[in-house]
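K.L.:
sequence and computational prediction follow.
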Amino acid sequence: MDCTNKIHVVYDDGMLGLNGKGYQYLFSYEKGSLESMRFNDKEWLYRPIYPTYWRATTDNDRGNGFNYRSAQWLGADLAPKCINIDLTVDEHHFDQLPIAPLTNQFTNHEFADQVKIVFTYETPTNPAAQAKVAYTVDASGHCQIAAHFLGQKGLPELPVFGVRLIMPTLATEFEYDGLSGETYPDRMAGGIKGTWHVDGVPVTPYLTPQEMGMHMQNSRLKIVRNQTQNNADHDKTPFALTIKQTEQPFNFSMLPYTSLELENATHIEELPLKRRTVLVVAGAVRGVGGIDSWGADVEDQYQLPSDRDYQFSFEIEPETIE
């Protein structure tokens, strides 16, 4: 059998490995997520990928009490709990995860054309809600990520629903096809469609750090880095990763801080040194309001009721720097 254009599947007791020409994915059963993603020997993940429900609060959020009303989602963001893992390799669906002693039936020569693994998460909210994140990897190394929040009655409004990818080092630049500048669902009228280039990972110098940097309605995002955390890697040639839309355009923010790091800083000088790149790809984003900062809420059409389902998907692929 010619395995040149197939995925090499490694069944381990604690994880699933997918390898091919120029790519490697490691899915951890213990952590319930994709925890390593390497393209051409360059690592792109510093932490496992998890659903994200929280964005840093704004002056407007604090003024109308949204941060208090929706505080459960901050806890959900901090404490992901995977309750189920579903694995399909080509046409074979596993009724149970292939861990010991089932791993004894596999060799180091297992190959496939496509692998799909779905993680189901439960939130520590009252009542609990569920979200699913599905990864589908093909033999070329492209990975489609599809996320689904299952609506749950009795919970406060969501700040955001997306997935968070934390990268080991800072991006040197990024380029995207979408609306110009910072945009939100209620701040899109001034955005101009086009291809836009941004140097570094900029931060808006608010006196009090808050939510910032969202980009709405994108079809492509290219991220460039030139450093890894591998001390033996002395190659400073820039390397890149591209995110593309599937069915619908995606929204994203790319900052050097997590929402919690922004939330913890009461003044800009309290923010830590820039070390990582925090990419949030979002399917649903709450508006930022701004009618006033003393009680006016975001308008109804820009809110995210928790009893509604939210779904989105996107594709990841390595990018060649010319």
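P.N.:
Here it is on my side, so go on.
K.L.:
okay, now the spatially closest residue to E317 that is not a sequence neighbour: neighbour count?
P.N.:
Distance criterion Cβ to Cβ, 6 or more residues apart in numbering; nearest residue to E317, sequence neighbours excluded, is H142 at 4.7 Å. The C-beta positions use only the backbone N, C-alpha and C, and glycine is treated the same way. If you count neighbours by other Cβ atoms under 10 Å, H142 ends up with 15.
K.L.:
cool, G65 as well?
P.N.:
11.
K.L.:
can you check P185 too?
P.N.:
Neighbour count for P185, taken as other Cβ under 10 Å: 20.
K.L.:
for it, what are its contacts?
P.N.:
Residues in contact with P185 (Cβ atoms under 8 Å, 6 or more residues apart in numbering) are M216, V285, R286, G287, Y302.
K.L.:
same check, this time on R47
P.N.:
R47 touches E35, I166, counting by Cβ under 8 Å, 6+ apart.
K.L.:
please apply the same query to L45.
P.N.:
Counting by Cβ under 8 Å, 6+ apart, L45 touches L34, E35, S36, M37, L165, I166, M167, P168.
K.L.:
using the three-state scheme, assign it.
P.N.:
State at L45, reduced to three classes by DSSP: H, G, I helix; E, B strand; the rest coil: coil.
K.L.:
which positions in stretch 186-197 come out as buried?
P.N.:
D186, R187, G191, W196 (16 or more other Cβ atoms under 10 Å).
K.L.:
just put the residues you listed in TSV and tack on pLDDT.
P.N.:
Putting the buried residues of stretch 186-197 into TSV (pLDDT from 0 to 100) gives the following:
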residue	pLDDT
D186	93
R187	93
G191	93
W196	98
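K.L.:
re earlier: what is the nearest of the contacts of L45 to V118?
P.N.:
Of all these, V118 sits closest to L34, with 11.6 Å by Cβ to Cβ.
K.L.:
just how off-centre is the helix or strand hosting that closest one within its chain?
P.N.:
Assessed by DSSP states H and E, L34 sits inside strand 33-39. From the chain centre to the centre of strand 33-39 is a distance of 12 Å (Cα atoms, centre = their mean, to the nearest Å).
K.L.:
helices or strands next to it in the packing?
P.N.:
Applying 3 or more Cβ pairs under 8 Å, 6 or more residues apart in numbering; DSSP states H and E, one finds that strand 33-39 contacts strand 23-28.
K.L.:
show me the strands in the stretch 51-200 of the chain, by range?
P.N.:
81-89, 92-93, 110-112, 114-122, 130-138, 143-150, 160-167, 173-179, 193-199 (DSSP state E, counting those that start in this stretch).
K.L.:
highest mean neighbour count out of the ones you listed?
P.N.:
strand 160-167 (a mean of 23; mean count of other Cβ atoms under 10 Å).
K.L.:
quickly run through the sheet partners of it, with directions.
P.N.:
Strand 160-167 pairs in its sheet with strand 50-52 (antiparallel), strand 277-285 (antiparallel), by DSSP bridges.
K.L.:
to A146, which of these lies closest?
P.N.:
Of the strands paired with strand 160-167, nearest to A146 by Cβ to Cβ is strand 277-285, at 9.5 Å.
K.L.:
in that closest one, which residues are buried?
P.N.:
For strand 277-285, by 16+ other Cβ under 10 Å, it's T277, V278, L279, V280, V281, A282, G283, A284, V285.
K.L.:
same check, this time on stretch 198-206
P.N.:
Under the neighbour-count criterion of 16+ other Cβ under 10 Å, stretch 198-206 has V201, V203, Y206 buried.
K.L.:
closest to F252 among those residues?
P.N.:
Using Cβ to Cβ, the buried residues of stretch 198-206 come closest to F252 at V201, 12.2 Å.
K.L.:
excluding chain neighbours, what is closest to that closest one?
P.N.:
P256 (4.8 Å).
K.L.:
give the contact list for K132.
P.N.:
V118, F119, T120, Y121, A147, H148, L150 are the contacts of K132 under Cβ under 8 Å, 6+ apart.
K.L.:
cool, E157 as well?
P.N.:
F66, R69, S70, R286, Q303, L304, P305, S306.
K.L.:
likewise E269?
P.N.:
Taking Cβ under 8 Å, 6+ apart as the definition, E269 has no contacts.
K.L.:
same deal with D86?
P.N.:
D86 is in contact with H93, F94, I117, V118, T120, counting by Cβ under 8 Å, 6+ apart.
K.L.:
show me what it bridges to in the sheet.
P.N.:
Note on D86: beta-bridge partners V118, judged by DSSP bridges.
K.L.:
quick check: the gap between the closest residue to G191 other than its chain neighbours and E157.
P.N.:
Excluding its sequence neighbours, the residue lying closest to G191 (Cβ to Cβ, 6+ apart) is L179, at 3.0 Å. Using Cβ to Cβ, to the nearest Å, one obtains 24 Å as the distance from L179 to E157.
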